[in-house]
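>>> with the sequence up front, the predicted model follows.
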Amino acid sequence: MDVARTEVAPKRRGSAARLGLTALPVAFFAVFFAYPVAAIVARGLRVDGVWLPGAVVDVLAQPGMRHVLWFTTWQALASTVLTLLVALPGAYVFARFHFPGKEVLRAAVTVPFVLPTVVVGTAFLALVGRGGLLDDLWGIRLDTTVWAILLAHVFFNYAVVVRTVGGLWAQLDPRQEEAARVLGASRFAAWRQVTLPALGPAVAAAALMVFLFTFTSFGVVQILGGPSFSTLEVEIYRQTSEIFDLSTAAVLTLVQFAAVGAVLVVHAWTVRRRESALRLVDASRTARRPRGAGQWTLLASVLVTMSVLLVLPPAVLVLRSLDAPGLGYYRALTRTDGGTFLVPPVDAVGTSLRYAVAATLIAVLIGGLSAAALARRDAGRLVRGLDALLMLPLGVSAVTVGFGFLIALDRPPLDLRGSWILVPLAQALVGAPFVVRTMLPVLRAVDERLREAAAVLGASPWQVWREVDLPIVRRALLIAAGFAFAVSLGEFGATVFIARPGAPTLPVAVARLLARPGDLNYGQAMALSTILMVVCAMALLVLERLRTDRAGEW
């Protein structure tokens, strides 16, 4: 009897600990994600208290909507293929070569990924748009064309492929490929038969991530696509804010939700397969200096590609922001016009920083608790299902979430529509998944025997976390906070609905300036985008200095 009680007690404590860790994250996502999304979808599919079961068929039967669905899927597939073609050589270079400035370049490659999509769109507008560099030099304009969208998507997602595939490539033992060559295989045959199958799951995972990000693209398409091109996300925004057709917006939200859900399921399967099928080695043992003319040529071509694709658009953005004499565009940010802005546009810098700090604290709390629950080896299916729940905000229309906030959170006890906290809450929904993805691998690597020893000595679950886990994951926690901060700074889809007129965030301020005609508004948009880009880049450089494990994806 005593033995049975001894065995049951830890199980009960473990169950209680799991419930305690997951209670707050589940409540947070239920109230601030599931409830607003369900409210806006329900309102769109019900008229005068009557449900419209045929709404889905009616909307999808419209030729314009079929074109939106086709373009959304087509441009996502094209962006994914183009990104893989451009980025895979870079993944190989980072995985297998040592060269001066590699760590700085690693950080620079990742900067585009944390840039707000509004800034990416603005940078390419400065490069290929009206009055842009290509227009001034050769009279070439690519804005309002699909090529501008595809190039911007490659720019934004280049780091996804380099980090995801390159991180694994660096850990593959090159002796396996060398053994195949000793047995008579050519260099290409050895790579195709040995390395490519091992990289397959990583390439598939990277491709699915790129497809997900481009399938839900909003800011880039909104700025560069013009009226000719519209993704599901852009169309949801247009139907909600311009046409006020909530029924159509609700149907499109459900379609996007179903498509993204399928992508996330496939992505989860590829990640599990990659983690269980490979034997990896220390990445420091696989990289060396380039040898021979071929490898030096490959390195040079990758560096040139990165310079043109990743450096040129931000550089042109900075130069365009300096076009006015005496930093005129930056000085204009300190004045208000009484129309578009109730405050000087530069005030958006302080507003964004305050919101991002609050969102980071929320995201770290929710994401940290979730990661701690998911890292437990005795986690059940319900706890593991929390991982999928946390990823949903990355796939559901941010426009729907933002408008859902206005619809659902407008009555007691959740009357938050006039509160400043609404913006950080929306930003935290996007930041929390990055916190989980950053902290979870480190928490899972903690030796379970350390926790068990602390528990045997009488430590409570909170004391075990404080004395065992926290010292080990402190650096990962700082990195997670940095990612959440950068992502929160750039959130646009939801914030555009809920940011108050007197307190716009930087992405919202940039979008408002770009929507107004005139060189002064255009120049101010370039200046604000430059400020936002510099803040995000500085945050990422700090993160890169904190990183000690170079073998992982991020």
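Thanks, I have the structure now. Residues are numbered from 1 along each chain as shown.

>>> the helix ranked longest in the chain packs against which elements?
In the chain, taking DSSP state H as the definition, the longest helix is helix 63-96. Secondary-structure packing of helix 63-96 (3 or more Cβ pairs under 8 Å, 6 or more residues apart in numbering; DSSP states H and E): helix 55-60, helix 102-114, helix 146-169, helix 196-215, helix 232-241, helix 246-277, helix 292-306. Heads up, the C-betas are built off the backbone N, CA and C, glycines and all.

>>> can you lay out the ones you listed as TSV showing mean pLDDT, mean neighbour count and distance to residue 532?
Shown next, in TSV, are the helices and strands packed on helix 63-96 (pLDDT from 0 to 100; neighbours: other Cβ atoms under 10 Å; distance: least, Cβ to Cβ, whole Å):
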stretch	mean pLDDT	mean neighbour count	distance to residue 532
helix 55-60	75	15	36
helix 102-114	77	19	11
helix 146-169	86	24	15
helix 196-215	80	21	19
helix 232-241	85	23	20
helix 246-277	71	18	26
helix 292-306	87	14	22
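
>>> of all those helices, which lies closest to residue 495?
helix 232-241 (12.3 Å; Cβ to Cβ).

>>> the closest one to helix 63-96, inter-axis angle?
For helix 232-241 against helix 63-96, the angle by axes from the mean of the first three to the mean of the last three Cα atoms, to 10 degrees is 140 degrees.

>>> quick one: contacts of helix 232-241?
The contact list for helix 232-241 (Cβ atoms under 8 Å, 6 or more residues apart in numbering) reads 65, 68-69, 72, 215-218, 221-222, 225, 230, 245-246, 248-249, 252-253, 255-256, 397-400, 403, 493, 496-497.

>>> related to what we said a few turns ago, quick one: mean pLDDT for the longest helix of the chain?
Helix 63-96 shows a mean pLDDT of 90.

>>> just how off-centre is that helix within its chain?
16 Å (Cα atoms, centre = their mean, to the nearest Å).

>>> and that helix, which residues are buried?
Going by neighbour count (16 or more other Cβ atoms under 10 Å), the buried part of helix 63-96 is 65, 68-69, 71-73, 75-76, 79-80, 82-84, 86-88, 90-96.

>>> for stretch 218-236, how far is the first residue from the last?
From the first residue to the last, stretch 218-236 extends over 10 Å; the measure is Cα to Cα, to the nearest Å.

>>> what does stretch 407-426 give?
OK, stretch 407-426 end separation, Cα to Cα: 14 Å.

>>> stretch 133-144 now?
Rule used - Cα to Cα; the end-to-end distance of stretch 133-144 is 16 Å.

>>> take the helices and strands packed on helix 63-96 and lay them out in TSV including distance to residue 344.
Converted to TSV, these look like this (distance: least, Cβ to Cβ, whole Å):
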stretch	distance to residue 344
helix 55-60	42
helix 102-114	26
helix 146-169	29
helix 196-215	33
helix 232-241	25
helix 246-277	33
helix 292-306	36
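
>>> for residue 540, find the nearest of those helices.
Among these, the nearest to residue 540 by Cβ to Cβ is helix 102-114 (5.5 Å).

>>> can you list contacts of that closest one?
By Cβ under 8 Å, 6+ apart, the residues outside helix 102-114 that reach it are 90, 94, 120, 155-160, 162-163, 306, 310-311, 314, 483, 486-487, 490, 533, 536-537, 539-541, 543-544.

>>> test my guess that residue 424 contacts residue 362.
Yes. At 6.1 Å, residue 424 counts as touching residue 362 under the criterion of Cβ atoms under 8 Å.

>>> returning to what we had before: for the helices and strands packed on helix 63-96, which one sits closest to residue 504?
Using Cβ to Cβ, these put helix 232-241 closest to residue 504, at 15.5 Å.

>>> where's residue 421 relative to residue 312, distance?
Distance, residue 421 to residue 312, using Cβ to Cβ, to the nearest Å: 39 Å.

>>> enumerate every residue touching residue 348.
Applying Cβ under 8 Å, 6+ apart to residue 348 gives the contacts 504-506, 508-509, 528.

>>> quick one, phi psi at it?
Main-chain dihedrals, residue 348, degrees, to the nearest 10: phi -60, psi -20.

>>> all strands in the stretch 401-550 of the chain, in order from the N-terminus.
Ranges of strands in the stretch 401-550 of the chain, per DSSP state E, counting those that start in this stretch: none exist.

>>> tell me which stretches of it form helices.
422-445, 448-456, 461-464, 470-490, 495-498, 506-514, 519-546 (DSSP state H, counting those that start in this stretch).

>>> residues contacting the fifth one, please?
Contacting residues not belonging to helix 495-498 are listed as 237, 241, 399, 402-403, 405-406, 417, 422-423, 426-427, 505, 507-508, 511 [Cβ under 8 Å, 6+ apart].

>>> quick check, nearest of the residues you listed to residue 368?
Lowest distance from residue 368 to the contacts of helix 495-498 (Cβ to Cβ) belongs to residue 427, with 16.4 Å.

>>> could you check how far that closest one is from residue 357?
10 Å.

>>> looking at these two, which has the bigger crowd around it?
In terms of neighbours (other Cβ atoms under 10 Å), residue 427 is the more surrounded of residue 427 and residue 357; the figures are 28 against 15.

>>> let's have the helices of the stretch 401-550 of the chain in TSV, adding distance to residue 295 and mean pLDDT.
Compiled in TSV, the helices of the stretch 401-550 of the chain are given as follows (distance: least, Cβ to Cβ, whole Å; pLDDT from 0 to 100):
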stretch	distance to residue 295	mean pLDDT
helix 422-445	31	82
helix 448-456	43	72
helix 461-464	49	70
helix 470-490	32	78
helix 495-498	46	84
helix 506-514	41	85
helix 519-546	25	80
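
>>> TSV please, covering these and showing distance to residue 44.
Compiled in TSV, these are given as follows (distance: least, Cβ to Cβ, whole Å):
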stretch	distance to residue 44
helix 422-445	19
helix 448-456	47
helix 461-464	43
helix 470-490	27
helix 495-498	15
helix 506-514	24
helix 519-546	32
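
>>> looking at those helices, which is nearest to residue 333?
Nearest to residue 333, of all the helices of the stretch 401-550 of the chain, is helix 519-546, at 5.7 Å by Cβ to Cβ.

>>> show me what the closest one is packed against.
Partner elements for helix 519-546 (3+ Cβ pairs under 8 Å, 6+ apart): helix 102-114, helix 117-128, helix 312-321, helix 328-332, helix 347-375, helix 470-490, helix 506-514.

>>> if we go to 6 Å?
Counting contacts by 3 or more Cβ pairs under 6 Å, 6 or more residues apart in numbering; DSSP states H and E, helix 519-546 is packed against helix 102-114, helix 117-128, helix 312-321, helix 328-332, helix 470-490, helix 506-514.

>>> of those helices, flag the one that's most buried.
Counting by mean count of other Cβ atoms under 10 Å, helix 117-128 has the highest mean neighbour count of the helices and strands packed on helix 519-546, with a mean of 28.

>>> measure how that one sits relative to helix 146-169, angle-wise.
With the same axes, to 10 degrees defining the directions, helix 117-128 sits at 120 degrees from helix 146-169.

>>> what does the helix or strand following helix 117-128 contact?
Beyond helix 117-128 on the C-terminal side, the first helix or strand identified by DSSP states H and E is helix 133-138. Contact with helix 133-138 is made by 127-128, 140-141, 316, as judged by Cβ atoms under 6 Å, 6 or more residues apart in numbering.

>>> give the contact list for residue 203.
residue 165.

>>> try it again with 8 Å
By Cβ under 8 Å, 6+ apart, the neighbours of residue 203 are 84, 88, 165.

>>> now render those as CSV, adding distance to residue 456.
CSV is the format used below for the contacts of residue 203 (distance: Cβ to Cβ, whole Å):
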residue, distance to residue 456
84, 50
88, 49
165, 43
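
>>> ok, of those, which one's closest to residue 198?
Closest to residue 198, out of all of the contacts of residue 203 and judged by Cβ to Cβ, is residue 165, at 10.9 Å.
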